[in-house]
Structures are given as structure tokens and as C-alpha cells.
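A.B. asks: The amino acid sequence is not available; the structure is as follows:
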């Protein structure tokens, strides 16, 4: 494993450590990130203090340009901040879709005015964004979307229905794909931004198999998107959408680690629930084998993430390994969630109530909620199509791109 | 592909071009058809040795280049692509590792230079049954005069037919299954009482069962301390496992690429079969597993070079993941080629046969899964 830096990085680490010590409210130490909860409550004073401090410093998005409020740091320094936050038991309060998907895309494709207007509130965590991409008739075949935007001079009128708009009930703004030309498929799509706080936007949360969810239906009836908030050229939104989906996928696979099945490692959990034999091995040998295979897959996935990062930094150019990350990561995590449930037996099926501990209640919801990961952000089948065609060069009979 | 330094890139490029020019799969086929008992082409082995490949992990003072295990892994990967049969793994990696890890200066001085220049093929004689079980040593070494007397049998000794030196695990105390009481000995193949039965295996590589009947060796043949050989043996085996995994990686990648090429040219129902989604998604699955396996194999080799304490678990991880992946890809190679893949004239069968032999070498997937979990405490 390579070393990411020398003395300069050590000096930066010391700086980061003392800044976090001085600004992170001790009462939040080890607490979960409130952004990660599905049902958000009003942030308390400490949470607000921490968000503002990180927002002002720009360290929630350490590698974004300082010109728009970002940290302006190198990737190596960004990793130091992540490590030092972990060390201090602190979460990064700046997040959400604005950070993970929209911000990086706007930095690449937006005009100077758009970046000046929209990036700083994301950096500060002042405004939350949601994604208006999928529609009832446009899932895996996203470019079939129908939601249309009509030119009204200085603005567009947007009419249609979006679905799976995660976090729409808490969002301030929406980045949205709209149809601006019905005579073409991919070349008739534009990428627009509009505020969610207007009469033409109606949001309804969708209960899912795991119970409450962050997913919503969003109905747009004469909603208004300003002309200045068209990103990229008219009818040129598909290219931007594809780029944004790459950010989404890398976030989805990378964020996989430890998200499901409780905080305890699976082997430890299995020892607690299933017990061990005289040799100290898990008592259920069939289950043991499947747990080992899952652990090995997880480790190989993490090794691949490290390798892809090293290759991107090193002399080998962009790594083909990145194309496999979403399917490999989601397969591993779904298997892990299934195994967690199996390890817990009936206790893993508790829906609510005090007959079950927190790990057990989390396990069943995570197992169900995790099924979405191979559907959203490009289903595993779409990912396999992408690998087959773009990486392996196999012919495309379906004529979409 | 790991990020390589200049030496490693040069070695990899040299190996790639030598293998393509001098050792395509047709060379392996020729060797197989000739029925040569050695299990490899001696002239090709000389060329490999002349390029310094047998000395890649051997210190410079003993005639090697000391470039490390990732470097040797890159060569083995390239050779694996065309199924090049060679004693490089058994001698230049496995036996050399035992000497480097456990040998005294006299032993290193006597054997390492000959291993490095290819004039001596050395190999591990470790297993005694059909399955890899390195602690189940029944072969005995009793004190005899100033030296020892060995009695017992070893099975599936890689490159046994061509070996001039065996690194033999023997029991000086305890019972089969004990890690304590295992001692390692350097036994010349021409020592009195050593006899070998050369095996014909499906993968056409050299392997032997070797008998030791009252074989007398001097005290200087003991590698490391008496009864304390397990530590060196396990470290040696981990290096061999990582090496064979690198060879498997190359073979599996080539098996996949050959299959992919076929999917792009074979026409049925008026279209190339690679346009069928059922086959595309299986190809995508193989590609995904190959990328994961590559990460595991490279991480294991890098850990050995860094002398990391994680070597045992990373090696077992790599051997298990690589074994499963090569198993899958070699089966799919035959299946996706259809009838032609069943013929001896096609290479697919070679890859599938080599896959199974390499999977069994130094511990199968189930061996390494079990070991991985034991190391992790479950």
C-alpha cells in the first residue's frame, strides 16, 4: 500500500486535527449523521453549529474549488480530513445529492453564474437538492422520459410526473430532466433546475416494503424553471445526465461499506447467534462457508476500490475496474443483508417492538431497503449491458445508447 | 493492473513479448503431444533462465535480481496466459522461497545460485495424500549418526520429474497433524533410496509421487531448526500460493479474452452470438469476477513484498477468489464455444484442465476459505 504523502501532509493532518478539536461539539461525538436518517427531525443547536462551522471552512467538500466556497484541497488532503473526522468520532454534516451528484456535475458543465449561484449553498449545507430523473414510464429506459418543458420566453413551464425523487419532501431545489423536443429521444432532453418551493410542485412520499422511505412521487403542474437555470445547451441534457449518473454510481458502490446488517461484523454476529463448535468454528458449517464467501467478496471489492484509486493516480490511466463497482458492491451488500437475517433466525424478522434489539430491527429494514440498490442508479441488468457493450465491445442489438 | 515501477514494467513487457513469440499455446500443445516426461520444454526453460526469471526473488549475492514477488507474479501471469509449462513456480519461487526464508549461508550459497541460473530445478515435497494438508506429515526423519534417515512418501510433487533437489517436510517428533515436530530437509533427487513415480495428469504438467526409503542425509541438510519447520513451511507455501494464483490470473484472463473473441465472430440465427443478452450478462459477470480476483492476487503479492503480517489471510483470500474465478471462466469457455470447445483441437479444454490442477495446488478453494475464517477467528 502506497503512502499518500510525506511531511507536508503530516503538517496538514496536525492542522486538521486541531481545527476539528476546536470546532466539533463534543456532545455529537460518535452520534449518527442526522442526514442519514430517513425521517428527519429539526437539527439541534450543536448540529447546527457543526454544520455551519464545516460549511464556512469548506471542508465538507474538501476538493471543491475555493472560489465557490469549497476546501480547495488535494485528494490526499481530503482523505486526511475524512480520517481525522473518523478519529474524532465526527460525521461530515455536508452531504446529500447536492454534494454527491449535482455539485460535481454543475462544476463541470455549469456557467460561471450558475456555479456562483448554486454551489456555495451546497458547500454550506444551506440548501438540499433532489433528483428529478425517473418517471413512471422511464426507469431503466430513462431517455423515454415525457415530462415536458415549454418555452415561455424568460422561463420554461414544466408539466409531468417524476418518481423515486429521493428526499423530495425535504428538498429546496430539484435538478430535473425534461423533454424539450418530442421529435428525438436522447437529443430532445434538457437539464433544468427549479425551486421546490412553488405552487406547481406537489410531493407525495411512497411507502416501500421496508416501511417509510425517502422516496417520493413529484407532480409538476405548470412548475416554473428559469431560463438562466438551464444547464448545458437546450436539448443537450442527456450527456450531462450520463455524467451525473456516473457520480451517482460511484457514490452508491463506494458508500456500501457497513451500511446494512448492523454495525457488528457478520462473523462476530454469527458467533453470537449460532455459536461455535469445539474447534472454535461456527457451529453451522454450511452457513459458515457462505459467510466466508461473502466476507471474501467484500474484501476483494474493497481491494478493487483501492486498486482503482491507485490506478487513477498512477501511470495506468482510468481503470476499467470502476465499471464493475456498482454490481460488485451491491451484490456483496445484498448477500450480506440476507446472511444477517439468516444468522438472526426469527429474531431477524422483528418488525417493531421491544422483543427485538436495535440490530435486529435494523437488519430486517436494511435487508428490504437494500433490494433497491440493484434497481436504482442503473439496475444490475443495465450495468451488465454497459459492461458488455462499452468495456467488452459486444454488439448492441437494442439500438439504444 | 497494479501500478508498476520501471523494473516491473520492463519485466512484464519482456515476459509478454517472449511468451507471445516463443511460447504460444501451440508450444504447450507440442510439448503435450511429444509426451515428454519432464512436463516442460527444456529449451524454453533455458531461455527463461537466461532472461533471469528464475532469480527474480533471489538476493543479488546469490545470483538473483531481488526484484520481489509482484515482479515474479507479473511473469507468471504472462506465462499463465498461454499455459506455458515451466518449473519457474516450483523452483524459482517455491523452493527458492524456502531457502531464502529458512536456509543458512552455506545452504543458500550452495543452491540459490544454481536455482537462479536455471541449472538446478528444486521443488517442494510436502503433501502425502490427494488433498493439500501440509501439517499432516507422516514421513519420518530419525537421527542417524551425525545426520538423519528419512522414510515415507510424498505425493503430487510439482515438477518432480525434472527436479534435482527436493525440499522435504518430515516429522522428527509428534504425530501427523501436529505443527510442532515438523522439520525441513534438502534432499538431492539422486540420493540413495529416493525413487519417483512420474504421473500423467490431465493438465500434462510434470508431477511425481516420491518415495524415501532409508534415505541418509547429513546434518547440513536440515533447513532451519529441528522440529521447528512449520513457520518456514507455511511462509513458503503462502508464497507458492500467491505465485500459482498469479499464473491462474493470466490463464483465466486469456480464457476469457479468447471466449470474448469467439462471441464476436460466431454467427447463429443470422447474428453473432455475442449480441445475445444471455451471453452478454454472463460475460459481464466473468469480467466483474476477474477484476475482483486481480485485486486480490495483486494485493497478496504486494503484501509479501512488504512483509506484511496480513500475508496469510490475503493469500488465502486470493487463492480462494482466484480459484472460484478460474473455475467459472474455464467452464464458460467450453460452454460458450459449444461443440468446438469439446474438441481436443481447441484450446478450451487445456484451460479447463489447467484450472482444476491449479485449483488443487497448494490448497483448493475450500481449504483456503476454511483457513481464511480460522485466521479471522471463526
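C.D. replies: Received, thanks. Model, not experiment: these values are computed from the prediction.

A.B. asks: tell me the contacts of the closest residue to residue B:56 other than its chain neighbours?
C.D. replies: Leaving out its chain neighbours, the residue that sits closest to residue B:56 by Cβ to Cβ, 6 or more residues apart in numbering or on different chains is residue B:72, at 4.3 Å. All C-beta spots, glycine's among them, are computed from the backbone N, C-alpha and C. Residues near residue B:72 by Cβ atoms under 8 Å, 6 or more residues apart in numbering or on different chains: B:53, B:56-57, B:88, B:92-93, B:243, B:246.

A.B. asks: can you check residue B:205 too?
C.D. replies: Counting by Cβ under 8 Å, 6+ apart, residue B:205 has contacts B:39-40, B:85, B:158-159, B:354, B:357.

A.B. asks: which pair in the residues you listed spans the largest distance?
C.D. replies: Largest separation among the contacts of residue B:205 by Cβ to Cβ: B:159 and B:354, giving 14.7 Å.

A.B. asks: quick revisit: now tabulate the contacts of residue B:72 in TSV and tack on pLDDT, secondary structure and neighbour count.
C.D. replies: Formatted as TSV, the contacts of residue B:72 follow (pLDDT from 0 to 100; DSSP: H, G, I helix; E, B strand; the rest coil; neighbours: other Cβ atoms under 10 Å in any protein chain shown):
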residue	pLDDT	secondary structure	neighbour count
B:53	98	helix	27
B:56	98	coil	27
B:57	98	coil	25
B:88	98	helix	27
B:92	98	helix	30
B:93	98	helix	28
B:243	98	helix	31
B:246	98	helix	30
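
A.B. asks: Considering these, which is situated nearest to chain A?
C.D. replies: Chain A lies nearest to residue B:246 out of the contacts of residue B:72, by Cβ to the nearest Cβ, at 14.9 Å.

A.B. asks: And for the closest one, nearest residue in space, chain neighbours not counted?
C.D. replies: In space, residue B:246 is closest to residue B:73, 3.6 Å off (Cβ to Cβ, 6+ apart).

A.B. asks: Quick check, central residue of chain B?
C.D. replies: With distances taken as Cα atoms, centre = their mean, residue B:244 lies nearest the centre of chain B, 3.7 Å away.

A.B. asks: pretty sure that residue is in a helix, no?
C.D. replies: Yes: the assignment for residue B:244 is a helix, going by DSSP: H, G, I helix; E, B strand; the rest coil.

A.B. asks: Check the gap between it and residue B:301 for me.
C.D. replies: According to Cβ to Cβ, to the nearest Å, residue B:244 and residue B:301 sit 12 Å apart.

A.B. asks: And for residue A:90?
C.D. replies: Per Cβ to Cβ, residue A:90 is found 36 Å from residue B:301.

A.B. asks: Tell me which of those two has more neighbours.
C.D. replies: For the pair residue A:90 and residue B:301, the greater number of neighbours falls to residue B:301 (28 against 22), based on other Cβ atoms under 10 Å in any protein chain shown.

A.B. asks: next helix or strand past the host helix or strand of the more buried one?
C.D. replies: Using DSSP states H and E, residue B:301 sits within helix B:277-305. Using DSSP H and E, the next helix or strand after helix B:277-305 towards the C-terminus is helix B:311-337.

A.B. asks: Which SSE is immediately downstream of that following helix?
C.D. replies: Per DSSP H and E, helix B:311-337 leads on to helix B:339-342 as the next helix or strand towards the C-terminus.

A.B. asks: What mean pLDDT does that following helix get?
C.D. replies: Average pLDDT, helix B:339-342: 95.

A.B. asks: And stretch B:136-143, by the same measure?
C.D. replies: pLDDT averaged over stretch B:136-143 gives 98.

A.B. asks: what does stretch A:303-316 give?
C.D. replies: For stretch A:303-316, the mean pLDDT works out to 83.

A.B. asks: Strands of the chain, residue ranges please.
C.D. replies: All of this refers to chain A. Here chain A has its strands, by DSSP state E, at A:129-132, A:148-151, A:155-163, A:173-179, A:189-195, A:201-205, A:216-226, A:230-231.

A.B. asks: think we crossed wires, I meant chain B
C.D. replies: Assigned by DSSP E, chain B shows strands spanning B:122-125, B:140-144, B:147-158, B:165-171, B:182-188, B:194-198, B:207-217, B:222-223, B:267-268, B:271-272.

A.B. asks: picking that back up, mind giving me the PyMOL select for the contacts of residue B:205, buried ones only?
C.D. replies: Those of those that count as buried under 16 or more other Cβ atoms under 10 Å in any protein chain shown are selected in PyMOL with:
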select buried, chain B and resi 39+40+85+158+159+354+357
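
A.B. asks: could you redo the contacts of residue B:205 as CSV and give each row pLDDT?
C.D. replies: What follows is the contacts of residue B:205, written out as CSV (pLDDT from 0 to 100):
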residue, pLDDT
B:39, 96
B:40, 97
B:85, 98
B:158, 98
B:159, 98
B:354, 98
B:357, 98
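
A.B. asks: Dump the contacts of residue B:205 into a markdown table; add distance to residue A:70 as well.
C.D. replies: As requested, the contacts of residue B:205 are exported to a markdown table (distance: Cβ to Cβ, whole Å):
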| residue | distance to residue A:70 |
| --- | --- |
| B:39 | 61 |
| B:40 | 59 |
| B:85 | 57 |
| B:158 | 57 |
| B:159 | 59 |
| B:354 | 52 |
| B:357 | 55 |
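
A.B. asks: For chain B, what's the nearest residue on the stretch 101-250 of chain A?
C.D. replies: Nearest residue of the stretch 101-250 of chain A to chain B: residue A:140, at 12.8 Å (Cβ to the nearest Cβ).

A.B. asks: what's the burial count for that residue?
C.D. replies: Residue A:140 has 13 neighbouring residues, counting by other Cβ under 10 Å.

A.B. asks: wait, it sits on residue A:379?
C.D. replies: Yes: Residue A:140 is within contact range of residue A:379, at 5.4 Å (criterion: Cβ atoms under 8 Å).
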